[in-house]
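# can you look at this prediction? I've put the sequence above it.
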Amino acid sequence: MDAIESTHNGNGQHEPISILGYLLVRINKNVSSKIIIWVCSALMIFKTFYRLYSIFDPTISLYDDNIVKYEKIYNQLYALSLGLILLNFYMDYSMYIKYLNAYKRIVKNGFDIDSTEYVEKQLKINRLFIKLAFICELAITGYNNYLNYYRKLGFRSEMIFLSVTACITQCSSLIFVQFIIECCIYCQSSFIPLNNSLDIIIRQNERSIDINRIAKLIRLSYDKTTESIRCMDKFLTFVLFAFYSYYIGHCIFAFGIILSYASSFYFLSFAVLRFLVDAFYLFWVTYHLVRVNQLSIQMFDKVYRLSFSLDSSHTIATMNEINLFLLRTNRNDVGFTFAGLCMVSPSFVSSLATISLTLGLALPSFIK
């Protein structure tokens, strides 16, 4: 990928609408973006150490159940990782700008309309998801504060500040979820016009069409798309690792609390609610991650179907072009990875679900 600008020269159609995306594209233009990122990162890190102190200090700790206690520790470690990831985003924001500029060049290469329509539709769905998730987090955080503070200590004036802080902290994780999904939507939209172009070629199947020229143009756009997705995957490596580590671990802890006979009815109902919400977050983000890989695989299937329409009337150059395209798409190496090790694909999801279920069933016997 060619060297490009250090700032995003986007238009309204391709401007990120997520909070993190909005801040990152304005780091070089607006000092307030830098201040917000640094302050939020510092607050997350400070809050983590304060909460860990309150959990480990036996004189003020409110957690008697070991599973609940370890689950709270896990929450704080995730908050710490988000604070550090914010700093990482600040240091590597140029990689995000690099992707956006590459994406803008790709979709303007005759594919702007299809990509823009897809992005607008998916971002509307994402906004609805974030609104519902925000309401769920407020309800769950309020119920959690009731279980851990009001029910045990009674109402105190300082608990209002504690409750508000807890709500803001919990909802802050949704900002990262929103950002991940938005990045996936942009990556998906790069494949949509390419798949549509292949569909048109397959349907028409006319010799008057210059298949060699069109296939070469699509293959070139496909290659640029895969390079841009690798750039985005590298940028999201740490946040994807933190997301899966936390939400899978949190679901396992919630499942362990559900199976624990020592849990009270209140903690049991909270664990069920928390498990369902976190499982939905996992499903929704994983769906968008996997879809990037599946759209790439769809291109192989369509190029393979296109190869059946070739006969002796087509030139050797056209046949070679299709064969080169088949060789490239058959690698199935396009998409996001988990910690840079394995592709987030349907097989990865099934393996992860099996391991998580096994750990969740065994957790109550491990932690007494």
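Ah, there it is.
# for the stretch 51-200 of the chain, which segments are assigned as strands?
With DSSP state E, counting those that start in this stretch as the definition, the stretch 51-200 of the chain shows no strands.
# in it, where is pLDDT below threshold?
57-68, 109-112, 145-166 (pLDDT under 70).
# ok, how many other residues are close to residue 270?
Other residues near residue 270 number 21, with proximity taken as other C-beta atoms under 10 Å. (Each C-beta comes from the backbone N, C-alpha and C, glycine too.)
# whoops, residue 90 was the one
16.
# did I read that right, residue 331 in a helix?
No. Assessed with DSSP: H, G, I helix; E, B strand; the rest coil, residue 331 is coil; it does not lie in a helix.
# mind showing which ranges of the stretch 201-350 of the chain have poor pLDDT?
Checking the stretch 201-350 of the chain against pLDDT under 70 turns up 205-210, 260-264, 310-315.
# so what's the nearest residue to residue 90 once chain neighbours are set aside up against?
Counting by C-beta to C-beta, 6 or more residues apart in numbering, residue 37 is the residue found nearest to residue 90 once chain neighbours are left out, at 5.1 Å. Contacts here follow C-beta atoms under 8 Å, 6 or more residues apart in numbering; on that basis residue 37 touches 23, 27, 86, 87, 89, 90.
# closest one to residue 224 out of those, please.
residue 89 (23.9 Å; C-beta to C-beta).
# residue 181 versus the closest one, what's the distance?
16 Å (C-beta to C-beta, to the nearest Å).
# now residue 303
28 Å.
# who's more crowded, the two?
Legend: neighbour count by other C-beta under 10 Å for residue 303 and residue 181, higher for residue 303 (25 against 21).
# which ones are touching that one?
By C-beta under 8 Å, 6+ apart, the contact set of residue 303 is 198, 322, 325, 326, 329.
# I'd assumed residue 296 was in contact with the last one.
If I follow you right, that is residue 329. Yes. Residue 329 is in contact with residue 296 according to C-beta atoms under 8 Å; the separation is 6.9 Å.
# these two: which has the busier surroundings?
residue 296 (25 against 22).
# ok, the more buried one - contacts?
Applying C-beta under 8 Å, 6+ apart, the residues near residue 296 are 191, 226, 329, 332, 334, 335.
# rerun that using 7 Å as the cut-off
191, 329, 334, 335 (C-beta atoms under 7 Å, 6 or more residues apart in numbering).
# ditto for residue 334
226, 229, 293, 296.
# and for residue 308?
Contacts of residue 308 by C-beta under 7 Å, 6+ apart: none found.
# got phi/psi on it?
When read as degrees, to the nearest 10, the backbone of residue 308 gives phi -70, psi -20.
# can you check residue 92 too?
Dihedral angles (degrees, to the nearest 10) for residue 92: phi -110, psi 20.
# tell me the contacts of it?
Contacts of residue 92 (C-beta under 7 Å, 6+ apart): residue 235.
# do you know how far it is from residue 319?
43 Å.
# need the longest helix for the protein.
helix 158-204 (DSSP state H).
# pretty sure residue 247 is touching residue 279, no?
No. Using C-beta atoms under 7 Å, residue 247 makes no contact with residue 279, being 8.2 Å away.
# these two - which one has more neighbours?
residue 247 (22 against 17).
# ok, that one to residue 326 distance?
Residue 247 is 37 Å from residue 326, by C-beta to C-beta.
# same deal with residue 267?
Taking C-beta to C-beta, one finds residue 267 at 55 Å from residue 326.
# which one's more surrounded, those two?
residue 267 (19 against 14).
# which SS state does the more buried one fall under?
When the rule is three-state DSSP, residue 267 gets the label helix.
# could I get the full set of helices for the chain?
Using DSSP H, helices in the chain cover 19-24, 31-56, 66-91, 93-107, 112-145, 151-153, 158-204, 211-235, 237-259, 265-307, 316-329, 346-366.
# kindly reformat those as TSV containing distance to residue 339.
Formatted as TSV, these follow (distance: least, C-beta to C-beta, whole Å):
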stretch	distance to residue 339
helix 19-24	20
helix 31-56	22
helix 66-91	13
helix 93-107	17
helix 112-145	24
helix 151-153	39
helix 158-204	15
helix 211-235	11
helix 237-259	5
helix 265-307	13
helix 316-329	25
helix 346-366	11
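# what's the closest of the ones you listed to residue 340?
helix 237-259 (5.5 Å).
# which residues are contacting the closest one?
67-68, 70-71, 74, 78, 81-82, 85, 88, 176, 180, 263, 267-268, 271-272, 274-275, 278-279, 281-282, 285, 336, 338-340, 352, 356, 359-360, 363-364.
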